[in-house]
Structure formats: structure tokens, C-alpha cells
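1. I'd like to go over a predicted model; first the sequence, then the structure.
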Amino acid sequence: MREERLKKILLAAAAGLTSIFCLAPFIYMVLTSLSGNPDFLLPTKSFTLTLANFTAVIFSESAHFMAYLRNSLIISAVTAVASVFLASLAAYSLTRLPLPGKTVLLLSILALSMFPPISLISYLFKIMSGLGWVNTYAGLILPYIAWTMPLSLWILVSYFAQVPMDLDRSARIDGASRFQTLIKIILPVAAPGVFSTALLVFIFAFNEFLFALMLTVDYRSRTIPVGIALFEGIHGQIPWGEIMAAATITTIPVVILTLIFQKRIVQGLTRGAVKQ
């Protein structure tokens, strides 16, 4: 009993320390955004509660924060939907069709995804300039889809491989095409994996910095990470309070998505699909 109680205490202590370690930066960010003195931790300073930083960020015409946020939401959402849809088609083919060299193909895709983005940005900029897509949504969405496809494909292949083949056979007997089987049978059954993949892709695209920095010029298509990074240039100094306020607002969409799809993500993959 004493040993078991000690294990529980150690487990609780480890969980508490891990939570503090993970949440401390976020808590500091929120406190700084709500403080009139960004350096309130210094002995000579005090914490004064204010919403001035949020007001300045949201309503300032020079900051263009809401335009950056709108751009990020649109680009990330379109990227997530397109990437997951294309990856679903590929994952279905790799797990359901008798294609030769499946393992080699998957490993090749994984190897290509390991190229660092910095090594591709110059060629990507030339391509987008030639197409006239610099500072446009398409100029970011297409590279983001290509960038997130390997991640989406690998996750969905692992999920689709666990879906029983009996579902496909039953659908084909009922006269469904392969595309109808994918849309009406496989995707609903693998919904937790699909939503998890979409959420990860959304977060990746939402937080991406390098492509957005090189392929955008102004607030018409610039995303939120670049917009926040350029706050210093706009104000001539480092407005830590406003930067933290902007970062706090930026985390809200991701938190909301996680809360909405939490049940879907943790559901059993094929629960109730096939009765034994």
C-alpha cells in the first residue's frame, strides 16, 4: 500500500511539474498581454490590469492584425481541406488497390518531405513570380498543400489500413463505386483520423513562417506569424504587450478547433462499424 501510494504521489508530482512547464510560457504570455507594464516581473515594476494592448492590436489600422488573422484562417482552412482530401484519395489507393511498390512509394514520399524548406524557397519564389502568384492566397495554399501532403498521407494510410476490408466488399456488392465507398464508408469510419489529420495540417499551415515571409508583400495575403514578427518594424520599437496580445488572440482558433473535435479525435477508429 505504501509503495502504491508513493507511486501515485510521484505520478501526480510529475504530471503537475510537466503541466507547469508546458503552461508557464502561455500564462506569462497572457499576463503580459493584460499588463500595462510588460516588465512587471522586475522588482521596481508592478502588474496593472488593462485591455489596452488588445484594443490597440484589434482596432489599429496600421497593425492590420485582423487582416492577418483572416488570411491565416482562410489559407489554413483551405490547405487542411485540400490536403486531407488529396491524401485520402492516395491513402485509399495505397491501402485498397493492388499497386506494386507501395512501400517504396511511401518511403520515397517520406524522403522527399525531409528536404528543409529553406532549400526550396528560392525556386519556389521564382515559380510563384512566373505565375504571378506572389502576395496571393494561391501562392501560399499550393506550397502548403505540397508541404503537408506527406504528413497527411502517412497518418491516413495508418488509419485506413485498420478499416476492415469487409466494409469495402459490402459497399461494392451494393453497387457503390470506389469513390463512393471512400466518401460514404471509409471516411466516416475513419473520421477520428481524418479530423486529427486536418487539425494537424491546419496548425502546421497556421504557424508556418518562412513561405509566408518570402511569398507575401503586404497585409492583403500576409499571415499572422509574419504580421506579428513585423510589429517591431511598424512601431519602431518592440511593443511586447501588443505582441503578446496578438499571440494570445492567435491561439484562440486552434484551441476552439481542438475543443470542437476532441471527441471525434479520441473516438475508437472503427467502433460500431462491424459487428462480430
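-> Structure's in. What do you need? Note that the coordinates shown come from a computational prediction; the quantities given were computed from them, not determined experimentally. Numbers count the residues shown, from 1 in each chain.

2. So which residue is dead centre in the protein?
-> Most central in the chain under CA atoms, centre = their mean is residue 203, positioned 1.2 Å from the mean C-alpha point.

3. you'd agree that residue is up against residue 254?
-> Yes - under the criterion of CB atoms under 8 Å, residue 203 makes contact with residue 254 at 5.9 Å. In short, each C-beta sits where N, CA and C put it, glycine included.

4. picking that back up, what's the pLDDT at the residue nearest to the centre of the chain?
-> For residue 203, the model assigns a pLDDT of 88.

5. Break this structure down into its domains, please.
-> 2-52, 63-266 (automatic domain parsing).

6. Of those, flag the one that's most buried.
-> Each of the domains of the chain was scored by mean neighbour count; the highest is domain 63-266, a mean of 17, by mean count of other CB atoms under 10 Å.

7. does residue 186 really touch residue 164, like I thought?
-> No - using CB under 8 Å, residue 186 is not in contact with residue 164, being 10.3 Å away.

8. what helix or strand does the residue nearest to the centre of the chain sit in?
-> According to DSSP states H and E, residue 203 maps onto helix 191-207.

9. distance between that helix and the chain's centre?
-> Helix 191-207 has its C-alpha centroid displaced from the chain centroid by 5 Å (CA atoms, centre = their mean, to the nearest Å).

10. cool, and stretch 200-209?
-> Distance, stretch centre to chain centre, for stretch 200-209: 4 Å (CA atoms, centre = their mean).

11. ok, now how distant is residue 259 from residue 3?
-> To residue 3, residue 259 is 38 Å away according to CB to CB, to the nearest Å.

12. that older thread, return the residues in contact with the residue nearest to the centre of the chain.
-> The contact partners of residue 203, taken as CB atoms under 8 Å, 6 or more residues apart in numbering, are 76, 254.

13. Would you mind giving me the confidence score for residue 102?
-> At residue 102, pLDDT is 82.

14. Same check on the one 5 residues further on?
-> The confidence metric pLDDT takes the value 85 at residue 107.

15. what does residue 231 give?
-> On the pLDDT scale, residue 231 gets 80.

16. Please tell me how far it sits from residue 64.
-> For residue 231, the distance to residue 64 equals 10 Å [CB to CB].

17. again with residue 41
-> Distance from residue 41 to residue 64, by CB to CB: 30 Å.

18. OK, contacts around the spatially closest residue to residue 45 that is not a sequence neighbour?
-> In space, and not counting its chain neighbours, residue 45 is closest to residue 37: 4.7 Å by CB to CB, 6 or more residues apart in numbering. Going by CB under 8 Å, 6+ apart, residue 37 touches 45-48.
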